[in-house]
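Colleague: sequence first, then the predicted structure, then my questions.
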Amino acid sequence: MKLSVAIPESSLSDESLKIDKTRKISVLARACAIFKIDTIYVYQEGENKTDGALMLMILKYLETPQFLRRRLFPKMNDLKFAGVLQPLKIPSHITPANPKKIIRGDIREGIVVSIKGKKFVDAGINQLIPFFGKTPVGKRVTIQFKEGYPKLSVKEINRNEIPFYWGYSVKERANLFSLLSEWKGNIIITSRKGKTATREQLSKYTKSDLDTLVVFGSPEKGVHEILSGKMKNVQNAKTLNFFPNQATQTVRLEEALLGTLAIINAENNS
C-alpha cells in the first residue's frame, strides 16, 4: 500500500514565531519519513498564504540530501532557522562520500552540472561523473551506478524503480476538494466525528492495491468544516476517529500525524 497525506497550510496557525513554525514542520517531516509517506499534499485553507510557502519550502529542503542543499536552495528568509531542523536520515541521505565505496547498483541523488559544454552529475563523492540523461543542468536527478569504482558510470532512473523507501515528494493544491476529486485511490478522513478506527476497517486499506490518502484538518477547522457542503460529493472516502475518548480538547496535527500513521503502520505489518 502506497500512503500519502494531505495537510492544510493553516496547520501552522497555532504557532506565532517563525522558529516555532520551523520546528513544527520538522516534526511533520520526520513523521512522514518514519512511516514512508509517498507524497505530502499541502492544501490551501485559511487566509495566511505565507505559512503555506514556508511549509512547502522547508518540507522540500528537509527531503533534499544535505550535500545538495546549498546548490538548490539559495539563502532566504524562510530558511532562517534551518539550524533547528532535525535531519531525516532516510536512505537517500545516508550515502558514503568516498568514491571507492561505490558499487554497481548503488542509487544516489545528484545535481547535473556543465563543464566545457559537457554534462556531468555531482553525486557528493568529490568526483564528477559523466551524465547522458535528459535532466537539464542545475536540476536534481536520481541515478543508479551501472559500474562501481573506478569506472563510475551511471544511468538516470525514476523513483518508482527504487525497491525501497527513498523519500517523500511535496505538492501544493489550491483546495482540499479539488485534491479529493482528483484522487484515484482510497481516502481516509481523520475526524473525531468518525467511527472508531478498527483493525477490520483498516485492513480494507492495508490489503488494497490502491493508493491511500490520509486527510488531516487544521487547528481551527476539521475536515468536514473545511469541505462544508461538498463532503457528500467525495468518493471512496471513509471518516475514521483514531483517537477515541481523547481527554484533551484537541489533538495537534503533529500528534495526529504520528498517532494515525503509527496505527495504520501497525495494521499494515500485522
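Modeller: Happy to help now that I have it. Numbers count the residues shown, from 1 in each chain.
Colleague: surely residue 6 is within a strand?
Modeller: Yes. Counting by DSSP: H, G, I helix; E, B strand; the rest coil, residue 6 falls inside a strand.
Colleague: show the pLDDT at it.
Modeller: Residue 6 carries a pLDDT value of 98.
Colleague: wait, it sits on residue 214?
Modeller: Yes. Residue 6 lies in contact with residue 214 (Cβ atoms under 8 Å); the separation is 7.3 Å. Heads up, the C-betas are built off the backbone N, CA and C, glycines and all.
Colleague: where's the closest residue to residue 234 other than its chain neighbours relative to residue 189, distance?
Modeller: Nearest non-adjacent residue to residue 234, counting by Cβ to Cβ, 6 or more residues apart in numbering: residue 180, 4.9 Å away. Separation of residue 180 from residue 189 (Cβ to Cβ, to the nearest Å) stands at 9 Å.
Colleague: so what sits against both of these two?
Modeller: Both residue 180 and residue 189 are in contact with 215, 234, 237, where contact means Cβ atoms under 8 Å, 6 or more residues apart in numbering.
Colleague: for the residue most central in space within the chain, give me its contacts.
Modeller: With distances taken as Cα atoms, centre = their mean, residue 168 lies nearest the centre of the chain, 3.4 Å away. For residue 168, the contact set (Cβ under 8 Å, 6+ apart) comprises 29, 32-33, 37-40, 59, 63.
Colleague: residue 257 in helix, strand or coil?
Modeller: With three-state DSSP as the criterion, residue 257 reads helix.
Colleague: which residues touch it?
Modeller: Residue 257 sits next to 5, 7, 28, 31-32, 216 when contact means Cβ under 8 Å, 6+ apart.
Colleague: in CSV: those residues, plus neighbour count and distance to residue 126.
Modeller: Shown next, in CSV, are the contacts of residue 257 (neighbours: other Cβ atoms under 10 Å; distance: Cβ to Cβ, whole Å):
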residue, neighbour count, distance to residue 126
5, 25, 36
7, 25, 38
28, 25, 33
31, 21, 33
32, 27, 31
216, 22, 42
